[in-house]
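1. Here's my sequence, what's the structure:
(chains A and B)
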Amino acid sequence: MQSVVFPNKVLPYLLLAPQIVLTVVFFFWPASQALYQSVLREDPFGLKSGFVGLANFRAILANPDYLHSLQVTVVFSLATALLSMALALLLATSADRVVRGRNVYRTLLIWPYAVAPAVAGMLWLFMFNPAMGTFAYILRRNGFVWDPLLNGNQAMWLVIVAAAWKQISYNFLFFVAGLQAIPKSLIEAASIDGARGTKRFWTIVFPLLAPTTFFLLVVNTVYAFFDTFGIIHAVTGGGPAKATETLVYKVYNDGFVNLDLGSSAAQSVILMIIVVALTAFQFRFVEKRVHYS
Amino acid sequence: MRALKWTLAAASALSIFATSSAFAATELAWWHAMTGANNETVERLAKEFNESQSEYKVVPVFKGTYAETLNAGIAAFRSRQAPAILQVFDAGSGVMLGAEGAVVPVADVLKKGGYEFDKDQYLPGIVAYYSKPDGTMLSFPFNSSSPVLYYNKDAFAKAGIDTAKPPATWPEVFEAAKKIKASGAANCGFTSTWLTWIQTENFSAWNNVPYGTNENGLAGLEVELKIDAPLFVEHFQSIADLAKDGTFRYGGRTSEAKQLFMSGECAILTESSGGLGDIVKSGVNYGVGQLPYYEGHGPQNTIPGGASLWVFAGKSDAEYKGVAEFFHFLSKTETQAQLHQVSGYLPVTLAAYEETKKSGFYEKNPGRETPIKQMMGKAPTENSKGVRLVNLPQVRDILNEEFEAMLAGQKDAKTALSEGVAKANAAITAAIGN
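-> Sure, this is the predicted structure:
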């Protein structure tokens, strides 16, 4: 790679400055505060505090609730990622085959991405709230006992579906791009050899989409880990009986509801380590394998 | 991390808000958690106060649920952007009480405005609830409520139950609920909002059994919960049994179950007297009865719920003066009497109570005096003065989780209560150590 030399010594820094300021103010400063808080015990009002070393971390890792929450997060993230990717792939392959109105379909399918997580949550809550939801009513009338307020599995499904729905658009875009990158000649050759639609998909299209799929898996997992707070907060509030309390939700709940800031900060430090690990993983393995064409 | 980012964003948004205050009148931000009909009351009170004088302007800001409002207030205090007035719900009182130096007692605030705060003018139960052990009253009781029983008269008539006589004891409630469900008069017989506040905290006061040691926390910080006693187990097991076939329906941890009553889905509801405004609006043909009790235990007296207004330390003299004016306005007999009659919250002053009585309001609206009588009926015992824990919101969450597991059929009442008590006790010990 050729190294680039800028003639002006100041301008590059000036151009970078806004981004650096934002990163420092909204990432480094809060992150450093979280690190600092995580070794303290403090009353809710910040009137008195004391250094406790790693006691907060020890308490968290020995807490069965935390391990339960970790388990919930893994189940939730994988289910959300797989569901939204599967649906997005289905829609992308279908949209690829559509001849007329292709752009209309694509545009419409991208819309849900613009919906804020909390709004997406409210939307699904309105449909499936046992007290007033239309679909909840239909489900009950057909003899299905629908009560996500008490049934943890149903609550889990509700947040998974809401979270997956919101992410379909993003995955759809990438799959559509991935499909367009597959040379038509390969598919035509397969057709001449007598491979039918399904066979062509699994033997040619899907393997060629693998880099995209792998990339999306990481992105979706990160999304499910960190960006679904709004949905969970709006739909279940982590309940019933902690059934949908993910790690991120627990950080909020312990810090801002239970007012245990030390524990909350320590949990966010652990989450920070997880993000760093996921990002490193993505850069090391995924970036290398994506074939840009 | 995200949460921290939000705090930052919220703090910066706040500073913009705070610096843009009008030049003429001193603005007093009033953070509250009132929704529906009660939100309209808050807006109206602020408007009336603002129109009554020109020096101060009270600006009500809705901050979400009770718990969210408390947390927003605490976060704002930490970043030195606290509102002038913060509405804190009953369960948050212990949290605020622990914040020595962060709040100004209500009597001191009134003094700064040139008013004398006379405790004797207020309902004694309420004064006791919002005072320190040494008798200093810390916050201004704004909306005080007491849980009552609402019932759907149409459903009662359909099920062949006397509509003039609401069930008085819990076994009677359960019987009525079964009858309603069996006769098809409603899909669900009975539901309750705030299981923790109504079915544990008030349940123990009303039946004169201890909620916890140390006078439920009023005599000292260290408290061990006692709600795994046989009476609680019996009560919750009955509810869990009714939940199996939908005779009891769970609505949620706070006041969500009110919806189930207003939509006609459930025929009996135990809810705060403050829920009345919305129930009236919904058009349900409702009646109000006393909170049910168990024969041989109650009725003793209920403990105040609702919320009070707290004033933070570190404000300017002009702001304190304005807050004093506003509190003075709120405690006026006509304001209180009107607040009580419109919203179903209790009148916090004795004068407002007498005024309402004299006006013949209770004869025209039977049942509306019930919450006051419940609270004032008997001199409180050590079980019924109140419940105060440094982390009551957290303890409520712990218990709610157990109740949810119990109602979902994952455990019986005895297990749920004893596990809840063990977890809550551990959380209290940890919170005191903070």
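2. Outline the domain layout of chain B.
-> Per the record, chain B has its domains at B:2-145+B:305-359, B:147-302+B:385-433, by automatic domain parsing.
3. now those domains as CSV including mean neighbour count and distance to chain A?
-> Every C-beta, even on glycine, is put in place using the N, C-alpha and C of the backbone. Formatted as CSV, the domains of chain B follow (neighbours: other Cβ atoms under 10 Å in any protein chain shown; distance: least, Cβ to the nearest Cβ, whole Å):
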stretch, mean neighbour count, distance to chain A
domain B:2-145+B:305-359, 19, 4
domain B:147-302+B:385-433, 21, 4
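4. looking at those, which one has the lowest mean pLDDT?
-> When the domains of chain B are compared by mean pLDDT, domain B:2-145+B:305-359 comes last with a mean of 85.
5. What is the distance between that one and the centre of its chain?
-> 14 Å (Cα atoms, centre = their mean, to the nearest Å).
6. Show me the helices in the stretch 101-250 of chain A, by range?
-> A:102-110, A:117-128, A:134-141, A:152-180, A:184-192, A:197-200, A:206-226, A:229-235, A:247-252 (DSSP state H, counting those that start in this stretch).
7. quick one: which of those is nearest B:Glu402?
-> The minimum distance between B:Glu402 and these falls on helix A:152-180, with 13.3 Å, by Cβ to Cβ.
8. can the helices of the stretch 101-250 of chain A go into TSV with extra columns for distance to chain B?
-> Converted to TSV, those look like this (distance: least, Cβ to the nearest Cβ, whole Å):
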stretch	distance to chain B
helix A:102-110	25
helix A:117-128	11
helix A:134-141	9
helix A:152-180	7
helix A:184-192	43
helix A:197-200	42
helix A:206-226	7
helix A:229-235	6
helix A:247-252	5
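9. Quick one: the ones you listed as CSV, columns for mean pLDDT and distance to B:Lys385 too.
-> Converted to CSV, the helices of the stretch 101-250 of chain A look like this (pLDDT from 0 to 100; distance: least, Cβ to Cβ, whole Å):
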stretch, mean pLDDT, distance to B:Lys385
helix A:102-110, 83, 60
helix A:117-128, 86, 39
helix A:134-141, 86, 42
helix A:152-180, 92, 37
helix A:184-192, 88, 79
helix A:197-200, 85, 73
helix A:206-226, 88, 45
helix A:229-235, 90, 35
helix A:247-252, 93, 33
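10. Turn these into JSON lines, columns for mean neighbour count.
-> Listed next are those as JSON lines, based on neighbours: other Cβ atoms under 10 Å in any protein chain shown:
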{"stretch": "helix A:102-110", "mean neighbour count": "14"}
{"stretch": "helix A:117-128", "mean neighbour count": "19"}
{"stretch": "helix A:134-141", "mean neighbour count": "14"}
{"stretch": "helix A:152-180", "mean neighbour count": "21"}
{"stretch": "helix A:184-192", "mean neighbour count": "12"}
{"stretch": "helix A:197-200", "mean neighbour count": "12"}
{"stretch": "helix A:206-226", "mean neighbour count": "19"}
{"stretch": "helix A:229-235", "mean neighbour count": "23"}
{"stretch": "helix A:247-252", "mean neighbour count": "24"}
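11. could I get those helices as a markdown table with distance to B:Pro304?
-> Formatted as a markdown table, these follow (distance: least, Cβ to Cβ, whole Å):
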| stretch | distance to B:Pro304 |
| --- | --- |
| helix A:102-110 | 53 |
| helix A:117-128 | 32 |
| helix A:134-141 | 35 |
| helix A:152-180 | 33 |
| helix A:184-192 | 74 |
| helix A:197-200 | 68 |
| helix A:206-226 | 41 |
| helix A:229-235 | 30 |
| helix A:247-252 | 30 |
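12. residues from the stretch 1-150 of chain A in reach of chain B?
-> Within reach of chain B by Cβ under 8 Å from any Cβ of the partner chain, the stretch 1-150 of chain A has these residues: A:25-27, A:29-31, A:33-34, A:41-47, A:131-132, A:147, A:149-150.
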